[in-house]
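> this one's sequence-less:
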Ligand SMILES: Nc1nc2c(ncn2[C@@H]2O[C@H](COP(=O)(O)OP(=O)(O)OP(=O)(O)O)[C@@H](O)[C@H]2O)c(=O)[nH]1
Ligand SMILES: [Mg+2]
């Protein structure tokens, strides 16, 4: 239990309509009463009261104080939130008053750290608080919210149950050899271990998607030179961001812009057109960058100029882009551009007709894009978004394989070995929820938080 009472400003720096200073700890009320006109014994829990704040006897502001007793507070300690006008002077003076009255300046994430230490949430939930605050799009928000609601510990509980049953069974046999308990059923154990391995690996594999969600999905616009890629970027953004010209090979450097789309905020990347005969070394470098952008994207828009015929060589180039996307399981959407001109392209080319020049078909394209991105990123499944969690799951899965091997290879005293690996596995799973987290781990996690959270 922490003896110190901590204080911090919980809202961003700068002028704002309102701002909040928080105090948490055993003396929160007593300290607040030194600079607010409140009477602790009469303070009603979770009820807003209007009061006056002062620093060294000098009036600061009329504020709203909200008291959460430790039995029902987010930190598990007495907590007071003071809402004042958002003047940097008032807010810093309130903090000064709290510190002068006996509070200590809170470290980054210390409120959440105390919530974790007081059993209000597990470590994966505490980490999700940070992700929730940082979430910049709907998918990242949902991933963080599902974790904050305890989604990770729920999934882990389901994984742990059969492991604990197995371990209990083996340990009973090991501890009481004289009681002639039936030997552990090897076949059943192998099956259960296999299922657990799958469950852990599947959970760990959600990290690939989770990572993409946090950083925001990437959409790469690619195609032949002059097909209208830069025009399409501009049309999607609704402003003239990239240079457009009738000279093939205009775009060289990749151009990246965030596209506000269905709450997903994907990064839209315009690239140099791909062709075999680049005019110079700069264009060749541009094409290399296009290939790299395609590789690092989650979705490709392949732009094709439908107003002209496509040579065999060009067809090969386009198919190689599409096949590369397919190989990596990446959706590729074909946009048949220049729909304002008569169609000359072969009938086998299918895609969404658009005219980047006139802005026609752009809404249809946006709809398809957001549907594909939502499908990729907006599920209700709990995802792993944190490298630390992914690492722990990978280690836990390895232990299951080792436990399986000791049974399968019928190693002498396999029970002891299997029990060891099962305990190791549970240890790694417990790292995620912070069952035995040490100071160092907690320091590294909470140092990434903002002060006041
Ligand atoms: N008629 C018509 N012309 C278009 C359309 N979209 C683009 N263009 C024209 O096609 C030419 C090439 O457009 P860009 O957007 O620069 O093409 P790009 O694919 O970015 O070309 P590179 O950067 O050279 O690879 C320009 O002259 C555009 O005005 C369209 O929908 N209709
Ligand atoms: Mg261009």
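Received the coordinates, thanks. Because the structure is a prediction, the values reported are computed rather than measured. Ligands and ions are numbered 1, 2, ... in the order given.
> use CA for all of it now, contacts and neighbours both
Fine.
> May I see the buried residues of the strand or helix carrying residue 64?
Of the helices and strands defined by DSSP states H and E, residue 64 is found in strand 58-68. Within strand 58-68, the residues that qualify as buried by neighbour count (16 or more other CA atoms under 10 Å) are 60, 61, 63, 64, 65, 66, 67, 68.
> Closest to residue 92 out of those?
Taking CA to CA as the measure, residue 92 lies nearest residue 60 of these, at 10.5 Å.
> returning to what we had before: save the buried residues of strand 58-68 as a markdown table, and put in distance to ligand 1 and pLDDT too.
Output for these, formatted as a markdown table (distance: CA to the nearest ligand atom, whole Å; pLDDT from 0 to 100):
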| residue | distance to ligand 1 | pLDDT |
| --- | --- | --- |
| 60 | 58 | 97 |
| 61 | 57 | 97 |
| 63 | 56 | 98 |
| 64 | 56 | 98 |
| 65 | 58 | 97 |
| 66 | 57 | 97 |
| 67 | 59 | 97 |
| 68 | 58 | 97 |
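> For residue 43, state which of these is nearest.
Of all the buried residues of strand 58-68, residue 67 has the smallest distance to residue 43: 7.5 Å, by CA to CA.
> quick one, what contacts residue 415?
Residues in contact with residue 415 (CA atoms under 8 Å, 6 or more residues apart in numbering) are 170, 174, 407.
> again but with residue 289, I slipped
Applying CA under 8 Å, 6+ apart to residue 289 gives the contacts 253, 254, 271, 272.
> Can you point out the helix or strand that includes it?
Residue 289 is located in helix 281-295, with elements delineated by DSSP H and E.
> what's residue 77 sitting at in phi/psi?
Backbone torsions for residue 77, taken as degrees, to the nearest 10, come to phi -130, psi 170.
> Hmm, residue 111 and it touching each other?
No: the pair residue 77 / residue 111 is not scored as a contact, 9.5 Å apart, by CA atoms under 8 Å.
> overlap in contacts of the two?
Between them, residue 77 and residue 111 have residue 24 as joint contacts when contacts are counted by CA under 8 Å, 6+ apart.
> before we move on, the earlier item: check which element follows the helix holding residue 289 along the chain.
Toward the C-terminal end, the helix or strand that comes next after helix 281-295 (DSSP H and E) is strand 299-305.
> Skipping adjacent residues, who's closest to residue 131 in space?
Counting by CA to CA, 6 or more residues apart in numbering, residue 131 lies nearest to residue 144, which is 5.6 Å off, once chain neighbours are set aside.
> for that neighbour, what are its contacts?
By CA under 8 Å, 6+ apart, the residues touching residue 144 are 128, 129, 131, 132, 135.
> in a helix, that's where the third one is, yeah?
Yes: assessed by DSSP: H, G, I helix; E, B strand; the rest coil, residue 131 belongs to a helix.
> In this structure residue 451 contacts residue 9, no?
Yes: in terms of CA under 8 Å, residue 451 counts as a neighbour of residue 9; the distance is 7.3 Å.
> Closest one to residue 184 out of the contacts of residue 415, please.
For the contacts of residue 415, with residue 184 as the reference and CA to CA as the criterion, the closest is residue 170, at 6.3 Å.
> separation between that closest one and ligand 2?
Going from residue 170 to ligand 2 by CA to the ion, to the nearest Å gives 66 Å.
> State the number of residues packed around that residue.
Counted by other CA atoms under 10 Å, the residues lying close to residue 170 total 19.
> The one residue in the stretch 351-453 of the chain that gets nearest to ligand 1: what's it in contact with?
Using CA to the nearest ligand atom, the closest approach of the stretch 351-453 of the chain to ligand 1 is made by residue 355 at 3.4 Å. For residue 355, the set of contacting residues under the criterion of CA under 8 Å, 6+ apart consists of 337, 338, 339, 340, 361, 362.
> can you count the residues close to residue 373?
Using other CA under 10 Å, residue 373 has 22 other residues around it.
> where's it, which helix or strand?
Element membership of residue 373, judged by DSSP H and E, is helix 362-377.
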